[in-house]
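Enquirer: got a predicted model here, sequence first, then my questions.
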Amino acid sequence: MRSGRARMYTPAKTRDYELRIRAAIPADAPPPSVAVRVVIDVVFRRPQRRPTSCPAWVWSGPEAWYHGRTDVDNVAKIVLDALQRPDPVTGDRWLHDDRIVVEVHARKTCGPEPGLSI
């Protein structure tokens, strides 16, 4: 602890994922102000597989949900951390403080391609 503040350790894999998310924010995307209600919607997609190939899949009609190792709350936290990470070029933060976020919606699903939508 330096100067009264604890320093948290972020694994390299998580840090790299945060940087990829941060790099995907368009340069002309205006950051939210504290005067607006900030709501974050996160959709984490795993590649679609047949139900016999992975016991972590739950199929209900044409849709499937992934119940595997990835915790949806951890994905949401990584997204919030990434939105607060300084831009590598300008040093600007898109989201200055996640305390202004008043609502978070997060879900895991499957699709033809893996991905993350914010």
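Expert: Nice, thanks for sending it over. In this text, all values refer to a predicted model and were calculated from it rather than measured experimentally. Numbers count the residues shown, from 1 in each chain.
Enquirer: list the contacts of Pro30.
Expert: Contacts for Pro30 were tallied using Cβ atoms under 8 Å, 6 or more residues apart in numbering; there are none. Where you see a C-beta, it was placed from the backbone N, CA and C, and this is true even at glycine.
Enquirer: what do you get if the cut-off is 10 Å, keeping everything else the same?
Expert: Neighbour list for Pro30: Trp94 [criterion: Cβ atoms under 10 Å, 6 or more residues apart in numbering].
Enquirer: list phi and psi for it.
Expert: Per-residue torsions, Pro30: phi -70, psi 130 (degrees, to the nearest 10).
Enquirer: offset the numbering so it begins at 38, please.
Expert: Okay, using 38 as the starting number, the last item reads as Pro67.
Enquirer: residue boundaries of the strands in the protein?
Expert: 75-84, 94-97, 100-103, 138-148, 152-154 (DSSP state E).
Enquirer: where does pLDDT dip in this structure?
Expert: 38-43, 85-105 (pLDDT under 70).
Enquirer: spatially central residue in it, please.
Expert: In the chain, the centroid-proximal residue (Cα atoms, centre = their mean) is Val116; its distance is 2.8 Å.
Enquirer: distance of it relative to Ala61?
Expert: Distance from Val116 to Ala61, counting by Cβ to Cβ, to the nearest Å: 11 Å.
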